[in-house]
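>>> the following comprises the amino acid sequence and a computationally predicted model.
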Amino acid sequence: MRQSPLLKISARNGAIAGILSIILGIVLFYIGRHPLLVAPYLDFRIFLFGIFIFFTLKEFRDVHQGGELYFWQGIIGAGIVVFIASTLAAVGLHVFAMVEPDFVSEYVAKTIEYLKTFPEEEVKRIGKELFERNLAELPTTNAISLSGKYFFQGMFIGFFVSVILSVILRKQPKN
């Protein structure tokens with residue numbers, strides 16, 4: 001059975017993006033910026049996913065499809081890239097968190113420190129009970145919960161990048 005070029009290209013580029021995501025996450029941690037405490041709109045994965053999705057879809061469109069790319073093909077290819085990259089990054093950061101004990105404890109400490117600076121109006125808007133419950137549960141955070149959070153953040157970021165690039169790169173045959 002012949003494997004789809006879209007699957008092969010997406011899997012290859014997703015694996016490369018995932019490995020780079022692990023490396024960049026570890027580098028961020030060691031330069032003092034915890035990768036899970038970066039604002040979502042400043043997350044390096046927006047740029048990383050954008051590059052790898054762009055080149056995946058462009059290669060598939062131009063090399064294998066004769067210049068044609070349907071939106072659904074773009075979404076599937078981009079989705080594979082994002083899923084593989086997010087999975088590898090989450091697994092890599094989980095392993096890193098098991099090796100580097102400060103990874104989880106620094107996340108907890110910095111998050112608690114940040115939450116304690118919330119103004120009273122924000123706490124009331126969120127709900128005092130919910131806010132205090134989340135603050136109390138924070139010390140029970142572990143490597144599994146952090147890697148799960150990193151995975152879902154990656155999928156969320158990747159979804160929006162996928163839609164945008166699938167629309168930009170789509171080219172349908174002229175009738």
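Good, I have the coordinates. Residues are numbered from 1 along each chain as shown.
>>> list the buried residues for stretch 18-29?
Residues of stretch 18-29 classed as buried by neighbour count (16 or more other C-beta atoms under 10 Å): 18, 20-22, 24-26, 28-29. For glycine as for every other residue, the C-beta is placed from the backbone atoms N, C-alpha and C.
>>> count of neighbours near Ser166?
22 (other C-beta atoms under 10 Å).
>>> mind checking the SS state of it?
helix (DSSP: H, G, I helix; E, B strand; the rest coil).
>>> got the contact list for it?
Residues near Ser166 by C-beta atoms under 8 Å, 6 or more residues apart in numbering: 57, 71, 74-75, 78.
>>> in the longest helix seen in the chain, which of the residues would be classed as buried?
Identified as the longest helix of the chain according to DSSP state H is helix 71-99. The neighbour-count check on helix 71-99 (16+ other C-beta under 10 Å) flags 73-90, 92-94, 96-97 as buried.
>>> next: stretch 132-143.
141, 143.
>>> off-centre distance for that stretch?
22 Å (C-alpha atoms, centre = their mean, to the nearest Å).
>>> now the most centrally placed residue in the chain. Nearest residue, chain neighbours left out?
Nearest residue to the geometric centre of the chain (C-alpha atoms, centre = their mean): Gly154, 1.7 Å. Of all residues not flanking Gly154 in the chain, Ser86 sits nearest, at 3.3 Å (C-beta to C-beta, 6 or more residues apart in numbering).
>>> show me what stretch 23-43 is in contact with.
So stretch 23-43 is contacted by 44, 48, 89, 92-93, 96, 100, 103, 106-107, 110-111, 114, 146, 149-150, 153, 156-157 (C-beta under 8 Å, 6+ apart).
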